[in-house]
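Student: Let's see this in three dimensions:
(2 chains)
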Amino acid sequence: MRLTQTLIPTLREAPQDAEIPSHKLMMRAGLIMKLGGGLYTFLPAGLKALRKVEKIVREEMDRAGALEVLMPALQPREIWEQSGRYTVLKDAMFKIKDRQQRDMVLGPTHEEVITDLVSRQINSYRQLPKTFYQIQTKFRDEIRPRFGLMRAKEFSMKDAYSFDVSWEAADVSYQAMYDAYVRIFKRCGLRTKVVEADTGAMGGNFSHEFMVLADSGEDGIVECESCSYAANLERAERMTPKTETTTTDKAPEIVATPGKRTIDEVSAFLKLAPHDLIKTLIYVADGKPVAVLVPGDRDVNEHKLARALGGIPVQLADDATIVQVTGAPVGFAGPVGLKIPIYADSGLKTPRVSATGANAADAHLVNVLSGRDFQVAEYFDLVIAREGDSCPRCGTRMREKRGIEVGHVFKLGTKYSKAFDAGFLDAAGNRQIIVMGCYGIGVTRTLQAVIEQSYDENGIIWPISIAPYQVSVVVPNTGHAESVKVAEEIIQKLEAQGIDVLFDDRDERPGVKFKDADLMGLPIRAVISERSLAEGKVEVKRRTEKEKNMIPVSDAVTFIENIIRGELS
RNA sequence: CGGGGUGUAGCGCAGACUGGUAGCGCGUUUGGUUCGGGACCAAAAGGUCGCGGGUUCAAAUCCCGCCGCCCCGACCA
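Tutor: Okay, here's the model as predicted:
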């Protein structure tokens, strides 16, 4: 492809609204253009790269035995009512009406559609297992679209769904997808970290996320410094810390703490470490208020809390409820004298002399002892894990990292198959329910994540597998006919081998072409100039190499082919 | 939705406080000189100053309302 015939509008400066390196570089390298918040047009070069990611995904899905389908993005409201997710996801969905005023949604995901399909088409154990997948545009009314393609309102996703006769069989399908994901990301040149994750609105009981480690990542994860344990902060557990018991003969004593509501304010005022305070939070679980206690220096993990209380939805109580339950305004809640169930983090199991809210305005209690002054209904691991916590598996210290979630595999179970009555007759003629799994890859996000993980001060560094063009050809002086002729011959031969070549045929100064080649990040650069041709050679250099290789003209094509084959094999 | 910021040419910005013919750099067009790491000279095209209202002889500038976009928090591939 000649640069003058395509459209790759490179920018010297990044648009002001681009924040992270990959977003800036996608804009600067002329891959995408913004239409509005979370909405992007793929320009020719960006699309070429995207198609290559899709191709890798397809090949690996097919290899894993998944069947490609294509489901409607536009879906009737009814199927969402049927799964019970219309309420759960309705704020995240784009909702529209057709001309008959029927409610429709733009699909944010496709469990409902695929399960409906399977419930109609699959009737026998002989038809199972089956895994279906599609690569399709998803729509989500994100609260805050961000970072270009990283979190967009419209994005391309590969979603797959497995259907099995049993939980054991589902494990096999799950593993097949897991393995395919490992291969996909590896082929895209990504280094990923697999972490245990929360299942969220998707439901199900088990999941793994594929994370690209990056400072700009929106997810926090912890990983053990010794064993293989790694988890999303939403799920991450920690071993109960060993704390020393402390005790006192003194009764709880009320201390006036006017206007001191936060842990920081109270600990500073009472001259106690935050750890010596107990943070009391009032939650509403399934309509009923409960008190949740955590050490003063920790935060509640609501996902863990919800799971601990039996998977019911929990939310922080509003101010009115807090006043009603504690008899005090927000900021002075404490466990002593509360008439509601009290759940506490396991870090508080060891009795310690603590300070708590006094359930009275502008007052706190000191010399509070659990067991003596209040009773905890049950202890759970309830706090958000953090750097320095002990690994739940082996007790070693854990460290915190940031990650970009590019893939997520779920063991769903029967949530959707039950809702859509997706069952089958087993060999004995008994009707059984299908066990499902679901598996997503953010295709557009993966593309950007590759850049986030691979760039330098000059621009993108594409892996050969998904570079829009594997080779860029630069002729410093396009006025030199011989250079152009040799360049065109080499390009023609490379393209005949199925290699994508971008020929910078612009009438620009050499410096401009070199800068743009680096910015676009094409993996191999061939320079054909009067100077090198005088020795019968052309210059070939990888994007990451400093040294130029001077290759005889007749060997150039083979030399380049070998680099590409070497990396793709 | 809460908090903060911002909107002036395709991109990056100045002008606003103190109202008076809308500017700079990059990019684009034309001509010329240049030609291995974002050249130089000359000429030119390109703007409803986010939108609506108000104040004023006069508004990019002051006032009111709305909208877009970006950042920090709750959602997710």
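
Student: Break chain A into its domains for me.
Tutor: Domain assignment for chain A by automatic domain parsing gives A:55-236+A:400-451, A:253-380, A:469-568.

Student: Can you convert the ones you listed into a markdown table and add a column each for distance to residue A:49?
Tutor: All C-beta atoms are positioned from the backbone trio N, CA, C, and that covers glycine. Formatted as a markdown table, the domains of chain A follow (distance: least, Cβ to Cβ, whole Å):
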| stretch | distance to residue A:49 |
| --- | --- |
| domain A:55-236+A:400-451 | 6 |
| domain A:253-380 | 35 |
| domain A:469-568 | 9 |
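
Student: Of the ones you listed, which shows the lowest average pLDDT?
Tutor: Mean pLDDT is lowest for domain A:253-380 out of the domains of chain A, coming in at a mean of 89.

Student: so can I have TSV of the domains of chain A showing distance to residue A:22 and mean neighbour count?
Tutor: Conversion of these to TSV gives the following (distance: least, Cβ to Cβ, whole Å; neighbours: other Cβ atoms under 10 Å):
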stretch	distance to residue A:22	mean neighbour count
domain A:55-236+A:400-451	4	19
domain A:253-380	28	18
domain A:469-568	11	18
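
Student: got those domains as a markdown table, with distance to RNA strand B columns?
Tutor: Converted to a markdown table, those look like this (distance: least, Cβ to the nearest atom of the strand, whole Å):
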| stretch | distance to RNA strand B |
| --- | --- |
| domain A:55-236+A:400-451 | 3 |
| domain A:253-380 | 7 |
| domain A:469-568 | 2 |
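
Student: To residue A:390, which of the ones you listed lies closest?
Tutor: With Cβ to Cβ as the criterion, residue A:390 lies closest to domain A:55-236+A:400-451 of the domains of chain A, at 8.9 Å.

Student: Stretch A:248-266 spans what distance, first to last residue?
Tutor: 21 Å (Cα to Cα, to the nearest Å).

Student: Contacts for that stretch, please.
Tutor: The contact list for stretch A:248-266, computed with Cβ atoms under 8 Å, 6 or more residues apart in numbering, reads A:269-270, A:272, A:274, A:277, A:279, A:296-297, A:330-332, A:336, A:353, A:355, A:358, A:360, A:362-369, A:373.

Student: could you redo the last one with a cut-off of 6 Å?
Tutor: Contacts of stretch A:248-266 with the rest of the structure, by Cβ atoms under 6 Å, 6 or more residues apart in numbering, involve A:269, A:274, A:277, A:279, A:296, A:331, A:353, A:358, A:362-368, A:373.

Student: Any idea how far it is from the middle of the chain?
Tutor: Offset of stretch A:248-266 from its chain centre (Cα atoms, centre = their mean, to the nearest Å): 41 Å.

Student: what does stretch A:117-137 give?
Tutor: How far stretch A:117-137 lies from its chain's middle: 26 Å, per Cα atoms, centre = their mean.

Student: now swap in stretch A:170-182 and tell me
Tutor: For stretch A:170-182, the distance to the chain centre is 18 Å (Cα atoms, centre = their mean).

Student: Name the nearest residue to the most centrally placed residue in chain A, sequence neighbours excluded.
Tutor: The centroid of chain A falls nearest to residue A:405 when counting by Cα atoms, centre = their mean (1.8 Å). Spatially, and ignoring its direct neighbours in sequence, residue A:405 is nearest to residue A:209 (5.1 Å; Cβ to Cβ, 6 or more residues apart in numbering).

Student: and the one you found, which of the three is it?
Tutor: Secondary structure, DSSP: H, G, I helix; E, B strand; the rest coil: residue A:209 is strand.

Student: Quick check: which element contains residue A:403?
Tutor: Assigned by DSSP states H and E, residue A:403 belongs to strand A:398-413.

Student: With residue A:293 instead?
Tutor: Going by DSSP H and E, residue A:293 is in strand A:288-295.

Student: Output that strand as CSV, nothing but the C-alphas.
Tutor: Provided in CSV are the C-alpha atoms of strand A:288-295 (Å, rounded to 0.1, in the frame of the first residue of the first chain):
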residue,chain,number,x,y,z
LYS,A,288,-32.3,-5.0,56.6
PRO,A,289,-29.6,-2.9,58.3
VAL,A,290,-26.5,-4.7,59.6
ALA,A,291,-23.3,-3.3,61.2
VAL,A,292,-20.0,-4.2,59.6
LEU,A,293,-16.8,-3.7,61.6
VAL,A,294,-13.3,-3.5,60.1
PRO,A,295,-10.0,-2.3,61.5
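
Student: counting contacts, what elements does the following helix or strand past that strand pack onto?
Tutor: Going down the chain from strand A:288-295, the next helix or strand is helix A:302-308, by DSSP H and E. In terms of contacts (3 or more Cβ pairs under 6 Å, 6 or more residues apart in numbering; DSSP states H and E), helix A:302-308 is packed against strand A:314-316.

Student: what pairs with the strand it packs on, and is each one parallel or antiparallel?
Tutor: strand A:278-285 (antiparallel) (DSSP bridges).

Student: Dump the partner strand to PDB, keeping only the CA atoms.
Tutor: Taking C-alpha atoms only, strand A:278-285 is exported to PDB below (Å, rounded to 0.1, in the frame of the first residue of the first chain):
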ATOM      1  CA  ILE A 278     -12.800   0.100  64.900                       C
ATOM      2  CA  LYS A 279     -14.600   1.400  61.800                       C
ATOM      3  CA  THR A 280     -18.300   0.700  62.000                       C
ATOM      4  CA  LEU A 281     -20.300   0.900  58.800                       C
ATOM      5  CA  ILE A 282     -24.000   0.400  58.500                       C
ATOM      6  CA  TYR A 283     -25.100  -1.600  55.500                       C
ATOM      7  CA  VAL A 284     -28.500  -2.500  54.200                       C
ATOM      8  CA  ALA A 285     -28.500  -6.200  53.300                       C
END
